[in-house]
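> Let's see this in three dimensions:
(2 chains)
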Amino acid sequence: AQKVTQAQTEISVVEKEDVTLDCVYETRDTTYYLFWYKQPPSGELVFLIRRNSFDEQNEISGRYSWNFQKSTSSFNFTITASQVVDSAVYFCALSESGNQFYFGTGTSLTVIP
Amino acid sequence: ETGVTQTPRHLVMGMTNKKSLKCEQHLGHNAMYWYKQSAKKPLELMFVYSLEERVENNSVPSRFSPECPNSSHLFLHLHTLQPEDSALYLCASSQDSRANEQFFGPGTRLTVL
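Numbering: from 1, shown residues only, chains lettered A, B, ... in the order given. Here you go, the predicted structure:
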């Protein structure tokens, strides 16, 4: 079974629309960390956010916001007023205790001008 | 140079060749990673080095051989690869543990003929 599931393979939105990227994770650890990364066409993954399992406060950073809900094991990412530069593949990831680090399959976002 | 660099950016090799991928981080981090990214699959963690010691080897075939001579450099030696090994190989580094965000290089696009 996948440790991190990103059910949306591809999403297309028109510029200025809001879009939410879903991430569901699976772990038995009580201490874990969740991440979001962006991979633009250039290929280099860019770190966006880290959240630990004890901090369920939602976070907002400019047009980006994250909704962490332990009850549903979800860590969703919303982009408000999307822009063409937001077009990329977005990965959700889970780090458990020990040395394992799991990525989802990614969601490819296309923002149409 | 800043961040994480990888060379070469593109590599084409035959199944009988021997080649090496190089990664260098200029961030003062203590942990380095190799990932394999294939189309339609999650990023696969291959190797983890912490303070120049290998701490994780995720059942990677022996035709991939990592080397970490110091905390700033990481190599992936390749020999007798298979066509299915064609993928984007990403290097990353982090401060000291999985709880910290990883910073990625641009990757090496490997094609095995």
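
> Find the nearest non-adjacent residue to residue B:16, please.
residue B:80 (6.5 Å; CB to CB, 6 or more residues apart in numbering or on different chains). For the C-beta atoms, the positions are set from N, CA and C on the backbone; glycine is no exception.

> wait, residue B:113 sits on residue B:17?
No: between residue B:113 and residue B:17 there is no contact under CB atoms under 8 Å: 9.2 Å.

> picking that back up, torsion angles phi and psi at the residue nearest to residue B:16?
Main-chain dihedrals, residue B:80, degrees, to the nearest 10: phi 50, psi 50.

> Establish whether the helix or strand of chain B with the lowest mean pLDDT and chain A are in contact.
Across the helices and strands of chain B, mean confidence by mean pLDDT, DSSP states H and E is lowest for strand B:53-57: a mean of 78. Yes: judged by CB under 8 Å from any CB of the partner chain, strand B:53-57 comes into contact with chain A at B:55, B:56.

> roughly how far out does that strand sit from the chain middle?
Distance of strand B:53-57 from the chain centroid (CA atoms, centre = their mean, to the nearest Å) equals 13 Å.

> Give the helix, strand or coil label for the residue nearest to the spatial centre of chain B.
Nearest to the geometric centre of chain B sits residue B:34, at 3.1 Å (CA atoms, centre = their mean). Secondary structure, DSSP: H, G, I helix; E, B strand; the rest coil: residue B:34 is strand.

> Distance check, it against residue A:112.
Residue B:34 sits 36 Å away from residue A:112, taking CB to CB, to the nearest Å as the criterion.
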